[in-house]
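# dropping a prediction and its sequence here:
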Amino acid sequence: DAMVIQNPRYQVTQFGKPVTLSCSQTLNHNVMYWYQQKSSQAPKLLFHYYDKDFNNEADTPDNFQSRRPNTSFCFLDIRSPGLGDAAMYLCATSRDIQFDTQYFGPGTRLTVL
Amino acid sequence: QQQVKQSPQSLIVQKGGIPIINCAYENTAFDYFPWYQQFPGKGPALLIAIRPDVSEKKEGRFTISFNKSAKQFSLHIMDSQPGDSATYFCAASSAASGSRLTFGEGTQLTVNP
């Protein structure tokens, strides 16, 4: 049974055209994360929500925004995608903040033309 | 100081061999060390994790060895199988950073039949 679901699995957008990626979870976890993973690199944390509290990483570009309308859903908005934003975007959840297993979704592969 | 250095970048072994992946860290505040396994096109999945109060942890064919004084930890895969072929990431976090995981660069493991 899928626990962390990401839609779409593949997204193609044009340079500068806003795009939204979706993540939903059936685990009822408090924490939801968004990571960017470029080819052959480690995942890089962009931001996370602890419940409704938003925590942005210091080096996350302003071009990236997030919304969490309820416990189950979290969205990643890229306001003006550049070629350098082409990557796999991973959503993850955990029950709590410290030392808790993060459960990753399958990712959305974003292509920017 | 936040980095986690992982080696080797890639590793090829024969079925039944014991691949060893090493990680080193500088931040002495790190106190949680998980390993994630990632198959192509999938999100990472937690494989095994260790806290610094133990020097070794085994789960099935997977063993973490931890050397606190050297600030190093490693993953051993006993009796490796072709199905173990994947990318492995070590990671670390601290109580101060909450759930923020610092990932190593990843090791692409290939187990030949």
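Noted; the coordinates are in hand.
# surely residue B:28 touches residue B:71?
Yes: taking contacts as Cβ atoms under 8 Å, residue B:28 lies within contact range of residue B:71: 7.2 Å. C-beta coordinates here come from the backbone N, C-alpha and C atoms, glycine included.
# okay, the two: which has more neighbours?
residue B:71 (17 against 11; other Cβ atoms under 10 Å in any protein chain shown).
# so the more buried one versus residue B:107, what's the distance?
18 Å (Cβ to Cβ, to the nearest Å).
# you'd agree residue B:27 is up against residue B:93?
No: between residue B:27 and residue B:93 there is no contact under Cβ under 8 Å: 9.8 Å.
# need the pLDDT of residue B:31.
Each residue has a pLDDT score; the one for residue B:31 is 89.
# and it, helix, strand or coil?
Reducing the assignment to helix, strand or coil with DSSP: H, G, I helix; E, B strand; the rest coil, the entry for residue B:31 is strand.
# show me the contacts for it.
B:51-52, B:93-95 (Cβ atoms under 8 Å, 6 or more residues apart in numbering or on different chains).
# do stretch A:98-112 and chain B meet?
Yes: for a cut-off given as Cβ under 8 Å from any Cβ of the partner chain, stretch A:98-112 has contacts with chain B, namely A:98-107.
# and the two most separated of those residues?
The span of these, defined through Cβ to Cβ, is set by A:98 and A:106 at 25.7 Å.
# ok, the residue lying closest to residue B:4 once chain neighbours are set aside - contacts?
Taking Cβ to Cβ, 6 or more residues apart in numbering or on different chains, and ignoring the residues beside it in sequence, residue B:4 has residue B:104 as its nearest neighbour in space, at 4.5 Å. With contacts defined as Cβ under 8 Å, 6+ apart, residue B:104 is in contact with A:42, B:4-6, B:23, B:89-91.
# mind telling me which residue of chain B is nearest chain A?
Of all residues in chain B, residue B:43 sits closest to chain A, with a separation of 3.1 Å (Cβ to the nearest Cβ).
# surely that residue is in a helix?
No: judged by three-state DSSP, residue B:43 forms no part of a helix; its state is coil.
# that one: what's it in contact with?
Residue B:43 makes contact with A:4, A:90, A:92, A:104-107 under the criterion Cβ under 8 Å, 6+ apart.
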